[in-house]
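Novice: What follows is a predicted protein model with its sequence.
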Amino acid sequence: MNRKLGHLICAAFFKPKQFLEHHMPSYNFKSGILQSQLCAGHLVTNKSSRFSSSYTAVNESDAYITFGFGTVYHTNRQEIEVNPDIYCCLLQRCVHMQSLVDGQQTHAQIIESGLEQDIIINNKLLNMYAKCGCLEDAGKVFDKMPERNVVSWTALIAAYVQHGLFYEPLRLFCQMHGENTAPNQFTCASVLTACADFVKLVEGKQVHSHVIKAGLESDMFVGNALLNMYAKCHCTGDAGKVFNKMPDHNLVSWTAMITAYSQDGHGEEALNLFCKNRQAGMKPNQFTFSTVLSACAGLVNLEYGKQLCTHIVKTGFESNVFVSNAIVDMYAKCGSIDDACKLFNTIGERNLVSWTAMIAGHAQEGDQQVSLALFKEMRWSGWKPNQYTFSSVLSACASLTALEFGKQVHALIIGTGFDSNIFVGNALADTYAKCGLLEDSLNVFHRMPKQNVVTWNVIIAAYAQHGRGREVFQLIREMQAVDIKPSQSTFVSVLSACASVAALEHGKQVHARIIKPGFESNVFVECALVDMYAKCGSINNACRVFDKMPERSTVSWNAMIVGYAQHGYGKEAIELFNKLQKEGIKPNEVTFVGVLTACSHVGLVNEGRYHFDSMSRDYGIAPRVHHYACMIDLLGRAGQLDIAQDFINEMPFQPDAVVWRSLLAACRIHGNMELGKRAAECLLELEPEDTATYVLLSNIYAATGKWDEASKLRKLMKDNGLTKDPGCSWIEANNRLHAFVVGDRSHPQTQEIYARLKTLTREMEEAGYVPNTKFVLLDLEEEQKEDSLSYHSEKLAIAFGLISTRFGTPIRVMKNLRVCGDCHNAAKLISKIVEREIVVRDINRFHHFKDGFCSCQDYW
C-alpha cells in the first residue's frame, strides 16, 4: 500500500496533469493515510487548457503535504494559476501536523505565486506560525499585512494568550479598538482568558465594559469567559451576576460557576448550584463531578461525597481518570483514609492529584512516615511534584522533625524551580522552624520574592514557640511597615510571644488591636488571650476573658484550669473542673495535666490520686508519661519519696527525663541524697548533656555540706564542656523588656537600682530579715555568701520595678530558673514594706507576694 502511494506521489511531481485526470477522482487512501474519498474542488486553472479534478482536505499523514507541495511546485513552474484555497488547505494541514518547515515552504510558494497580499491567506499564515509555536514570525506576518480584519487580530491575540502572555494581547486589543475594528466573541473571550490566567481583575472589568458596548454580553461563549475570569480573580459575587444575566447556560457555564464557588471557599453554594444543575436537566461531565467532589472535600462533607460517588457510578464516570482521582482526594481530605487507600490501590491511572491527596491525607491523619514513603514511590513512578505535593510532604517532615529528609526535599524544590513559589516557601520556613533551625527558616523567609500573611505568621510563630519574644515584637513591626494586615493566626502567635516573656503591657496592646477587627470572638484568639493573661501573672484578666466567652470548647476550659494551676490556685482549678463536668464537656489529656498540676502545687495528694485514677476509670483516658510526671511531682513535693519511687517502678512504660527530673527536684527539696543520686544517674543516661541534672545533684551535695562531691560534679561539667545557664530575671517597663543577671551592672540605671536595693535591704533588716545563706550553694565565707545573695537577679529586677513603675501597680518579674529561697523570703518582706503586689513567675509556677505573704503559702 505504502509503495503504491509512493508511486502516485512521484506521478504527482512529474506528470501532474495525467495524475490528476486518471488517479485523483477514483483513488481512495486507506489504512489511516488518507481517510476519505477525494472530494470536489478546483486545484489549478490555465487560460489555454483548463482541467479540474477531485481533491481531498482530509488526511492523517505527511503523504498529503508531500503530494501537495509537489503539485503546487510543478504547477508554479508551468505558470499554471493555483487556486488560493489550496494554500489555505496546505497551511491548515501544516498546523494539524505541527510541521513548521512545511509551513515555511508553503509561505515561500505563496510569495512566489504573488498571493502574499491576500487577507485570507495571510490569516492562515498567521494562524500557522502561531500554532506551530513561532510567535515572532506570526507577528511579522501580522505587521506586513496591508489590511487586517477581525480574524487577523483575533488570531494573534489568541496566539499570545495560548503562549502564556498577558500584556501583548491586551496591547493588541487596545490597538484594535483604536483602529476601529470591532472585536467579536472570540476576540473578547481570548483577552478575558488572559485576564483570568494572570488574575488581572481591573483589566478584566475593562474588557467586560467593551463586551457590553459591543452587545456581546448575551453570547454564551463570552459569558463563559467572563465567568472564568471573575472566578479566577476570586470575585464570586461578580461571577454570580454574570451567570444570572446569561439568557442560556450550557454545561460549561454551570461547571464554571460551581468551580468559582468551590475554589473560593463557598462549598455549600457549590453543592446547591449542582442540585439546580441536575434539576435543569443538565448531565454532569467529568469536570463537573471533579469540581463538586472538591467542594465536598473543602467542606469535609463525607456523607454528601459518598452520595455523589453513587451517582457517579450510575452515570458511568467512576472509571474516568479525573473523577476517580478526585474521589481519592475527597476521601483523604474528609478523613476517610481507608476508603482513599482502597480506591487509590485500584486506580489504573493515577495522576498528581491522587498522589498528592494520599500524601496529604496520611500526613493529616498522623501517618507521616507513610506520607514520606508515598512521596518516594511517586517520584519512582515518574511524577513530578507540584506546589501542593511539596507543601504536604514538608508538613510531614515538620511533624516528624525529619530534618535530613526535609533538606533533600528542599534540594529537589530548587532543582524543579519551586523555590520561588510562595506556598512552598511557607512550608519550607515552617519545616526548618519546627526542626529547631530558626536561622535557616529566616533565610528561606528573606529569599522569598514575595511574602503574604501566612509567610509572616510562620516566622512569627516560629520565634514565639522558641521563646524569642523580642524578635516577635520586631517582626510584627516590620510586618506592619510593609502593609500586611495581621490575621487571627498572627495575633495568636504574638499573644504566645507575650506570654513567653511575661510582656503584659504588650499583651494588652495586642488585645486592643484584636477587638477592632472583631477577632475577639474567635475561639483560638480567646484561648490565646486567657493563656497570655495567665502567664503574664494577671489571672483576674484571664478570668474576665474566660467568663465573657459566648461558647467554650475543651481548649478554653483547659487554658483556664492550667492558668489557675500555674498560679497555685488549686481549689479554684478543681472547682472549674467540676463545673466543666456539669456542663457536659468531656475532659481530655491536657485537662488532667492541669488538674494534677494544680493538686501538686497546693499539696492535694488524695485529690490528685483520685483524679489520676478517674482518668481511665471514668473517662477511658490512659495516663501518659506527663500524667505520671505530675504524680511524681505531687508525691515528691509532699515528701512521699518512697511512694513516688514505687509509682515509677509500676509505670507501664519506661520513665522519661521529665519523670526522673521531677523525682530529682523533690530529692533536692527534702535533701534525699541517695535517691537523688539514683535519679540523676538515670536522667544522665537519657540526657547526658543536660546541665540542669548536674546542677540539681550538685545542689543536693552542697545543701548537705558535701562540698567535695559538689566540686567534683561541677568539674565534671566543665570537663564535658557543659555550662550552667545563668539565672536571669526580666521585667517589662515603659513598653520594653529589661533583663538582669546576678550582680548585673550593665543597665543604664545601675546606680539608681543599687541605691534602691541598698535602701530596701536596710528596711528589710529593720523588719527582721536575715539572709539565709544555705541557699548559696558555693563553699564561700559567710560574709561572701550574704553579699552574693544581695544581688540576685530577681532582687535587681524588683528594685528596678520600684523606680520605673507607678506606685500601686503590681511589679511583675519573670525568672528562667526556680526562684531561690532567700529571694522568696525577701520578696514577701518587700511587698509589705513598699505596699505593692509583687508577682514572680519562675520556671515552675507563679508567686503572688502581697502584705508579707505568698500565694504558694511557702509550699513550693
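Specialist: Yep, it's here.

Novice: Enumerate every residue touching D137.
Specialist: Applying C-beta atoms under 8 Å, 6 or more residues apart in numbering to D137 gives the contacts Y129. No exception for glycine: its C-beta is placed from N, CA and C like everyone else's.

Novice: tell me the phi and psi of it?
Specialist: The phi and psi values for D137, taken as degrees, to the nearest 10, are phi -70, psi -40.

Novice: Same question for I811.
Specialist: Main-chain torsions, I811, degrees, to the nearest 10: phi -100, psi 120.

Novice: Would you check that it makes contact with T805?
Specialist: Yes. Assessed by C-beta atoms under 8 Å, I811 is found in contact with T805 at 6.3 Å.

Novice: L271 falls within a strand, correct?
Specialist: No. Counting by DSSP: H, G, I helix; E, B strand; the rest coil, L271 is not part of a strand but helix.

Novice: That one: how many residues sit nearby?
Specialist: The burial count assigned to L271 is 19, neighbours taken as other C-beta atoms under 10 Å.

Novice: what's the answer for N578, then?
Specialist: For N578, the number of neighbouring residues by other C-beta under 10 Å comes to 9.

Novice: quick one, what contacts it?
Specialist: Going by C-beta under 8 Å, 6+ apart, N578 touches no other residue.

Novice: Please tell me how far it sits from R812.
Specialist: From N578 over to R812 the distance is 30 Å, taken as C-beta to C-beta, to the nearest Å.

Novice: check contacts around the residue lying closest to V492 once chain neighbours are set aside.
Specialist: Spatial nearest neighbour of V492, chain neighbours left out: A528 (4.5 Å); criterion: C-beta to C-beta, 6 or more residues apart in numbering. The neighbourhood of A528, defined by C-beta under 8 Å, 6+ apart, consists of 491-492, 495-496.

Novice: Which of those ranks first by neighbour count?
Specialist: When neighbours are counted by other C-beta under 10 Å, L495 leads the contacts of A528 with 29 neighbours.

Novice: What's the mean pLDDT across the helix or strand that contains that one?
Specialist: Counting by DSSP states H and E, the secondary-structure element that holds L495 is helix 488-500. For helix 488-500, the per-residue pLDDT values average out at 90.

Novice: for the next helix or strand after it, which positions count as buried?
Specialist: Where DSSP H and E defines the elements, the next helix or strand beyond helix 488-500 is helix 504-515. Of the residues in helix 504-515, those buried under the neighbour-count criterion (16 or more other C-beta atoms under 10 Å) are 504-507, 510-511, 514.

Novice: repeat for stretch 477-495
Specialist: Here stretch 477-495 shows 479, 484, 486-495 as buried, counting by 16+ other C-beta under 10 Å.

Novice: Out of these, which is nearest to V472?
Specialist: Proximity to V472 was ranked across the buried residues of stretch 477-495 by C-beta to C-beta; first place goes to V494, at 6.1 Å.

Novice: need the contact list for the closest one.
Specialist: With contacts defined as C-beta under 8 Å, 6+ apart, V494 is in contact with 460, 464, 472-473, 476, 486, 510.

Novice: in the chain, which segments are predicted with low confidence?
Specialist: The model of the chain has pLDDT under 70 over residues 1-83, 702-705, 707, 724, 772-789.

Novice: Can you classify the spatially closest residue to V590 that is not a sequence neighbour by secondary structure?
Specialist: Closest residue to V590 apart from its sequence neighbours, by C-beta to C-beta, 6+ apart: N558 at 4.7 Å. When the structure is reduced to helix, strand and coil (three-state DSSP), N558 reads as helix.

Novice: distance of N558 from S392?
Specialist: Spatial separation of N558 from S392 under the definition C-beta to C-beta is 29 Å.

Novice: same question, P810
Specialist: With distances defined as C-beta to C-beta, the gap from P810 to S392 amounts to 47 Å.

Novice: between those two, who's got more neighbours?
Specialist: More neighbours sit around S392 than around the other of P810 and S392, counting by other C-beta under 10 Å; the figures are 25 against 17.

Novice: Next SSE downstream of whatever helix or strand that one lives in?
Specialist: Mapping S392 onto the secondary structure by DSSP H and E places it in helix 387-400. Moving toward the C-terminus from helix 387-400, the first helix or strand encountered (DSSP H and E) is helix 403-415.

Novice: What is whichever helix or strand comes after that next one packed up against?
Specialist: Under the assignment DSSP H and E, the closest C-terminal helix or strand after helix 403-415 is helix 422-434. The criterion is 3 or more C-beta pairs under 8 Å, 6 or more residues apart in numbering; DSSP states H and E, and the helices and strands that helix 422-434 contacts are helix 387-400, helix 403-415, helix 438-447, helix 453-465.

Novice: redo that, cut-off 6 Å
Specialist: In terms of contacts (3 or more C-beta pairs under 6 Å, 6 or more residues apart in numbering; DSSP states H and E), helix 422-434 is packed against helix 387-400, helix 438-447, helix 453-465.

Novice: now these in TSV, with distance to E147?
Specialist: Below are the helices and strands packed on helix 422-434 laid out as TSV (distance: least, C-beta to C-beta, whole Å):
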stretch	distance to E147
helix 387-400	46
helix 438-447	52
helix 453-465	52
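
Novice: wait, which of those helices is closest to L115?
Specialist: Among the helices and strands packed on helix 422-434, if distance is taken as C-beta to C-beta, the winner is helix 387-400, at 49.1 Å.

Novice: closest one to Q98 among the helices and strands packed on helix 422-434?
Specialist: With respect to Q98, and counting by C-beta to C-beta, the nearest of the helices and strands packed on helix 422-434 is helix 387-400 at 30.0 Å.

Novice: The closest one - contacts with which helices or strands?
Specialist: With contacts taken as 3+ C-beta pairs under 6 Å, 6+ apart, helix 387-400 sits against helix 352-364, helix 368-380, helix 403-415, helix 422-434.

Novice: Tell me the buried residues in that helix?
Specialist: Taking 16+ other C-beta under 10 Å as the basis for neighbour counts, the residues of helix 387-400 that come out buried are 387-398, 400.

Novice: List the contacts of stretch 625-636.
Specialist: 593, 596-597, 599-600, 608, 612, 643-644, 647, 651, 656, 658-659, 662-663, 666 (C-beta atoms under 6 Å, 6 or more residues apart in numbering).

Novice: do that again at 8 Å, thanks
Specialist: Counting contacts by C-beta under 8 Å, 6+ apart, the residues touching stretch 625-636 from outside are 589, 592-593, 596-597, 599-600, 603-605, 608-609, 612, 615, 641, 643-644, 647-648, 651, 653, 655-656, 658-659, 662-663, 665-667, 669-670.

Novice: Pull it out as PDB, backbone CA atoms only.
Specialist: Output for stretch 625-636, consisting of C-alpha atoms alone and laid out as PDB, is shown next (Å, rounded to 0.1, in the frame of the first residue of the first chain):
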ATOM      1  CA  VAL A 625       4.100   9.800  80.700                       C
ATOM      2  CA  HIS A 626       3.300  13.500  81.500                       C
ATOM      3  CA  HIS A 627       0.500  12.500  83.800                       C
ATOM      4  CA  TYR A 628       2.900  10.100  85.700                       C
ATOM      5  CA  ALA A 629       5.400  13.000  85.900                       C
ATOM      6  CA  CYS A 630       2.700  15.200  87.600                       C
ATOM      7  CA  MET A 631       2.000  12.400  90.100                       C
ATOM      8  CA  ILE A 632       5.800  12.000  90.900                       C
ATOM      9  CA  ASP A 633       5.900  15.800  91.400                       C
ATOM     10  CA  LEU A 634       2.800  15.700  93.600                       C
ATOM     11  CA  LEU A 635       4.100  12.800  95.800                       C
ATOM     12  CA  GLY A 636       7.700  14.200  95.900                       C
END
